Structures are given as C-alpha cells and as structure tokens.
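Visitor: the amino acid sequence is not available; the structure is as follows:
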C-alpha cells in the first residue's frame, strides 16, 4: 500500500491557546526547570518581563492541539496504530509569557515513503496576539508497514 500524498500543502483551522501563569509554572515544575523567571512573577519582572516566561518546550503545549487534526484527518490515511514518533524540530522567536494568546496553524509539509515506511511531516506556525511568530515546529511521524 502506497502513501497518499494528495494532502501535502493542506492547512488546517487555527487553534488558539491562552497562556496561563499556572500552566507555565506547572510545566516548569514538571520538567525540572528551576530558573525563577519561569516560576516567580517578581523574578520575571525583575528580569524585564511582564509575567512568568514559558520554557521553550512549552511550545508542545500550545502547538500540539493544532497538529492533532492533521494526524487524524481521513484524507491523509495515516495508520495511527502503526505510527511512531519520528522527531520534532522547533525554531523559536520572541518569548511566550503568561497572558499571551497563541494562535497555531498546522499544515501538511510532506508525505513520502521509503523502505516500507511512510513519513508524515507536519508544520506548525505559532504567533502571539501581536502577530509575532513565536515558534515554527516540524513534527515528523513514521508509519511502519505501508
């Protein structure tokens, strides 16, 4: 069975995520982050920020909800039961702070087949309420046995 490449270039509805102070703190604690700008409002303000700063990989929290619809899109025909995580790459822009509203749009960047495996690459573009691109994510999933 060959992979279906017709969805390459397809873009999905944007997903909006309101970044909360407590979510940033919870995430920072969960990943062992100790820098006070991620945990303490006063420390963040003393460092020149308006509120606590999201650690860089918090991008998964606001970006992943936008990548879900392409993964489960029937047009793509991705066999989720045979899927494994292939990798992620991120390019960051301005820092994300508590109080930001991040809008993420996902698209199908590439679908290909090699050595009996399907490679499904999705891209997410996340921008804050000022229109600044805070993160570009590349999400690669591999499907065995195509």
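Guide: Thanks, I have the structure now. Remember, predicted model here, so these are calculated numbers, not experimental data. Residues are numbered from 1 along each chain as shown.
Visitor: isn't there a strand covering residue 60?
Guide: No: assessed with DSSP: H, G, I helix; E, B strand; the rest coil, residue 60 is helix; it does not lie in a strand.
Visitor: any stretches of the protein with poor pLDDT?
Guide: Along the chain, the model assigns pLDDT under 70 to residues 1.
Visitor: biggest strand in the protein, by residue count?
Guide: Looking across the chain with DSSP state E, the single longest strand is strand 101-114.
Visitor: and the helix or strand just after it, what does it pack onto?
Guide: Per DSSP states H and E, the first helix or strand lying C-terminal to strand 101-114 is strand 117-127. In terms of contacts (3 or more Cβ pairs under 8 Å, 6 or more residues apart in numbering; DSSP states H and E), strand 117-127 is packed against helix 59-71, strand 101-114, strand 133-144. In this view, the C-beta of every residue, glycine as well, is placed from N, C-alpha and C.
Visitor: residue 28: which of these is closest?
Guide: helix 59-71 (11.2 Å; Cβ to Cβ).
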